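Participant: sequence first, predicted model second:
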Amino acid sequence: MGKAQKYVLLGDATYPLQDWILKPYQEDENLTQRQLQFNYRLKRAHSVIENAFLRLKARWQILLKCDDCSLELLPTLVLACCILHNICEAHDNPFNQEWLEGTEPTELPKPCQPAPAAMEDGRAEQVRELMCQYFESCGEG
């Protein structure tokens with residue numbers, strides 16, 4: 001769309017809108033078709049991410065028991081599992097669907113209450129609007 005953008009994290013409605021946290025438009029009857037499409041695509045992207053984490057935890061089940069290691073070690077452990085997972089994928093090491101049996105999708109911790117409006121970044125609306133335009137230009141899918 002002609003404007004360079006930073007990477008963003010995907011959040012749900014409980015997170016504050018920031019220029020680095022992309023969240024859906026608030027669901028109400030006033031949403032435009034573009035905004036509904038944006039929310040739909042954001043939800044689809046979020047499900048892809050959840051599936052990727054589910055596969056990562058299934059392949060490297062040590063991630064299911066991270067309470068066994070110190071908090072200082074945890075980022076290194078997760079990074080190592082991601083690297084090993086990518087190596088396995090790159091070398092066509094098949095993912096065994098049976099691994100998923102011991103791994104249930106879990107809700108990631110998130111805020112219980114929506115963030116106060118004061119935490120929202122006004123510039124972030126421009127980022128969301130730009131992404132909304134981009135999704136609209138991509139057509140259906």
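Facilitator: Now that the structure is in, tell me what you want to look at. Values in this document were obtained by computation on a predicted structure and should not be read as measured data.

Participant: now do the residue lying closest to C81 once chain neighbours are set aside against F135, distance only.
Facilitator: Using Cβ to Cβ, 6 or more residues apart in numbering and skipping the chain neighbours, the partner closest in space to C81 is W60 (4.0 Å). In this view, the C-beta of every residue, glycine as well, is placed from N, C-alpha and C. Taking Cβ to Cβ, to the nearest Å as the measure, W60 falls 33 Å from F135.

Participant: and G11, how many neighbours?
Facilitator: Counted with other Cβ atoms under 10 Å, residues neighbouring G11 total 20.

Participant: please disregard the earlier target; I meant E72.
Facilitator: With other Cβ under 10 Å as criterion, E72 counts 7.

Participant: can you give me the helices for the protein?
Facilitator: Using DSSP state H, the helices of the chain run over 33-59, 74-90, 122-137.

Participant: G11: which of the ones you listed is closest?
Facilitator: Across these, G11 has its closest neighbour in helix 33-59 (8.9 Å, Cβ to Cβ).

Participant: hang on, the earlier thing: go ahead and confirm the residue nearest to C81 touches H85.
Facilitator: Yes - counting by Cβ atoms under 8 Å, H85 is a contact partner of W60 at 6.6 Å.

Participant: any regions of this structure where pLDDT drops low?
Facilitator: Flagging of the chain using pLDDT under 70 yields the residue ranges 1, 66-67, 102, 104-118, 139-141.
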